[in-house]
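# output the structure for:
(one chain, ligands or ions: 1)
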Amino acid sequence: MESKQNRVNFGSKIGAILAAAGSAVGLGNIWRFPYETGNHGGAAFILIYLCCVAFMGLPIMMAEFTVGRRSRANTAGAYKVLAPGTPWRGVGYMGVLAGFLILSYYSVVAGWTLEYTWQSLANGFAGMSSGDYTQFFADFSANPWRSVLWMAVFMFMTHWVIIKGVKEGIEKSSKIMMPMLFIFIVVLAVCSIMLPNSEKGLEFLLKPDFSKVTPSAFLAAMGQAFFSLSLGLGCLSTYASYFSKDANLSKTAMSVGVIDTLVAITAGLIIFPAAFSVGVSPDAGPSLLFITLPNVFQMAFGGVPILAYIFSLMFYVLLALAAFTSTISMHEVVTAFVNEDWKVPRKKAACYVTLFCTVLGVLSALSFGVLADVKIFGLTFFEFLDTITSKVMLPLGAMLVSIFVGWYLDRRIVWDEISNEGSLKVPFFKVYIFILRYFAPIAIALIFIKEMGLW
Ligand code: TRP
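Residues are numbered from 1 along each chain as shown. From the prediction side, this is the model:
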């Protein structure tokens, strides 16, 4: 295929790693990981999580890389190239659909991070009482204009990066935003740990409590690992289609996994020491980031208003950056598909994706307010999209890509991609294949059955 020859690549290895890490590092790391950790036994959960990343996340990530780089096509096109005329392309289509759906509701929360950045900038949180924060969030998220507006702004920012292209848009923005994110997160964690009484927060996060290690902790760790590493919808396979021939797939996967995990743990080092320092018990879900924390930041640094101001502003900018590099990666999955599969020029393809995602995003945004009573299977629109994607489509996608590379794809191809045609040593090849063939699919099938309530 001649289009393969003309296809763009990331310009550098570090650019490729930062782009993939940008996809992985997102709201999942800063919002969900710390909470899951606190809830499931602190360091004991971190240990399980690390095993999930090492023994399932990384092999599946390498499988996605293999599919992407070998085919040099978007995720649906990839299966058409590697398994022509078979139903495997359905896995690609499901990935594109999941990317589209996740992008639409993820942008709503991403939009909130902009509102909170804006409020922090305008010093709008100073002097509020703890009840005010709850009220502020309730009013804001239910306001049909503001949340929709910020969601649309976020979508538009994402669009802007996508139309600049793979090298000038995705790679360049990751090279700027990821280092910024690293600096912010380290500074915030250091400040948080230096607060008085922060040890209790450290203890909550890090002290292993094996009594909380129940089967559900394993399930939570696995689900969290997939979502956090951006697996299951062909996001990383799309990025890998822009990797150069000499990129080392296992090393790249390792780097992305390490960065993603370090960011997640460091986010916990920001949230819990600060929360415990002021005696607030951290809670779950959106309220942690958008109700508890603004309050915690004001209380923790209340004596020195300028510190509270800076800390809060940095934190919400950090969240926005993390979310931004993730929305870019989801948008790219869909745009690359519309562009290559439907032969729509890239910019036009991006416009369609942005437009349709925004429309769907409006429904998600409104489900916190005027559409709160519209329920699908007892869930609001936002919750419904979140559930079918993260509980059904992602695990299914991850399982199928594992089976595809483990069983269907010619072993020679798998070897060529992992070893760069024999030029790299791959001592773990047999283990890798074993995981893809047996371990990962079975483990995922078990979570799946459990999550569906069938077990
Ligand atoms: N990994 C990102 C996070 O932690 C979200 C994300 C981006 C994602 N692309 C994805 C999740 C693809 C699943 C699949 O927030």
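
# when you work out contacts or count neighbours from here on, use the C-alpha atoms and nothing else.
Fine.

# can you list the residues of this protein near the ligand?
Within the chain, the residues that sit near the ligand (CA under 6 Å from any ligand atom) are 23-29, 227-233, 235, 326, 329-330.

# how close does the residue lying closest to Val374 once chain neighbours are set aside get to Leu446?
In space, and not counting its chain neighbours, Val374 is closest to Thr380: 6.2 Å by CA to CA, 6 or more residues apart in numbering. To Leu446, Thr380 is 27 Å away according to CA to CA, to the nearest Å.

# these two: which is more packed in?
Legend: neighbour count by other CA atoms under 10 Å for Thr380 and Leu446, higher for Thr380 (20 against 15).

# list the contacts of that one.
Contact analysis of Thr380 by CA atoms under 8 Å, 6 or more residues apart in numbering lists Ser367, Leu371, Ala372, Asp373, Val374.

# averaging pLDDT per element, find the lowest-scoring helix or strand in the chain.
Within the chain, no helix or strand scores below helix 2-6, which has a mean of 54 by mean pLDDT, DSSP states H and E.

# check which residues of the next helix or strand after it are buried.
Next helix or strand after helix 2-6 toward the C-terminus (DSSP states H and E): helix 13-24. For helix 13-24, burial by neighbour count (16 or more other CA atoms under 10 Å) applies to Gly15, Ala16, Ile17, Leu18, Ala19, Ala20, Ala21, Gly22, Ser23, Ala24.

# ok, the last one to Leu360 distance?
Between Ala24 and Leu360 the distance, using CA to CA, works out to 23 Å.

# go on, the first one?
Remark: distance between Gly15 and Leu360 (CA to CA) = 31 Å.

# which stretches of the stretch 51-200 of the chain form helices?
Applying DSSP state H, counting those that start in this stretch to the stretch 51-200 of the chain gives helices spanning 58-71, 75-82, 89-121, 130-142, 144-163, 172-193, 199-206.

# so which of those helices is nearest Leu307?
helix 172-193 (9.7 Å; CA to CA).

# other SSEs contacting the closest one?
Other elements packing on helix 172-193 under the criterion 3 or more CA pairs under 8 Å, 6 or more residues apart in numbering; DSSP states H and E are helix 13-24, helix 249-277, helix 305-341.

# what is the burial count for the closest residue to Ala24 other than its chain neighbours?
Spatial nearest neighbour of Ala24, chain neighbours left out: Leu229 (4.7 Å); criterion: CA to CA, 6+ apart. Counted with other CA under 10 Å, residues neighbouring Leu229 total 29.

# how about Leu229, what does it touch?
Ser23, Ala24, Val25, Gly57, Met61, Val256, Gly257, Asp260.

# let's go with 10 Å and repeat that
20-26, 28-29, 53, 57-58, 60-61, 235-236, 253, 256-257, 260-261 (CA atoms under 10 Å, 6 or more residues apart in numbering).

# and it, what's its pLDDT?
In this model, Leu229 is scored at 97, pLDDT.

# for it, what are phi and psi?
phi -90, psi 10 (degrees, to the nearest 10).

# dump stretch 227-247 to CSV, restricted to CA.
Output of stretch 227-247 as CSV, limited to C-alpha atoms (Å, rounded to 0.1, in the frame of the first residue of the first chain):
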residue,chain,number,x,y,z
PHE,A,227,-8.0,2.2,32.1
SER,A,228,-4.9,4.0,33.4
LEU,A,229,-2.7,2.5,30.7
SER,A,230,-5.2,3.4,28.0
LEU,A,231,-5.6,-0.3,26.9
GLY,A,232,-8.5,-2.0,25.2
LEU,A,233,-9.6,0.4,22.5
GLY,A,234,-6.7,0.6,20.2
CYS,A,235,-5.5,4.0,21.5
LEU,A,236,-1.9,2.8,21.9
SER,A,237,-2.1,0.7,18.7
THR,A,238,-3.0,3.9,16.8
TYR,A,239,-0.1,5.7,18.3
ALA,A,240,2.2,2.8,17.6
SER,A,241,1.3,3.0,13.9
TYR,A,242,3.3,6.2,14.0
PHE,A,243,6.3,4.6,15.7
SER,A,244,9.5,4.2,13.7
LYS,A,245,10.8,0.8,12.6
ASP,A,246,13.6,0.9,15.2
ALA,A,247,11.5,1.8,18.2
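
# buried stuff in that stretch?
By 16+ other CA under 10 Å, the buried positions in stretch 227-247 come out as 227-244, 247.

# list the buried ones in stretch 367-383?
Neighbour-count burial for stretch 367-383 [16+ other CA under 10 Å]: Ser367, Phe368, Gly369, Leu371, Ala372, Leu379, Thr380, Phe381, Phe382, Glu383.

# secondary structure element for the second one?
Mapping Phe368 onto the secondary structure by DSSP H and E places it in no helix or strand at all.

# for the residue nearest to it when sequence neighbours are not counted, what are its contacts?
Spatial nearest neighbour of Phe368, chain neighbours left out: Ala142 (5.1 Å); criterion: CA to CA, 6+ apart. Contacts for Ala142 were tallied using CA under 10 Å, 6+ apart; they are Phe136, Val148, Ala365, Leu366, Ser367, Phe368, Gly369, Val370, Leu371, Ala372.

# switch to 8 Å and redo it
For Ala142, the contacting residues are Leu366, Phe368, Gly369, Val370, by CA under 8 Å, 6+ apart.
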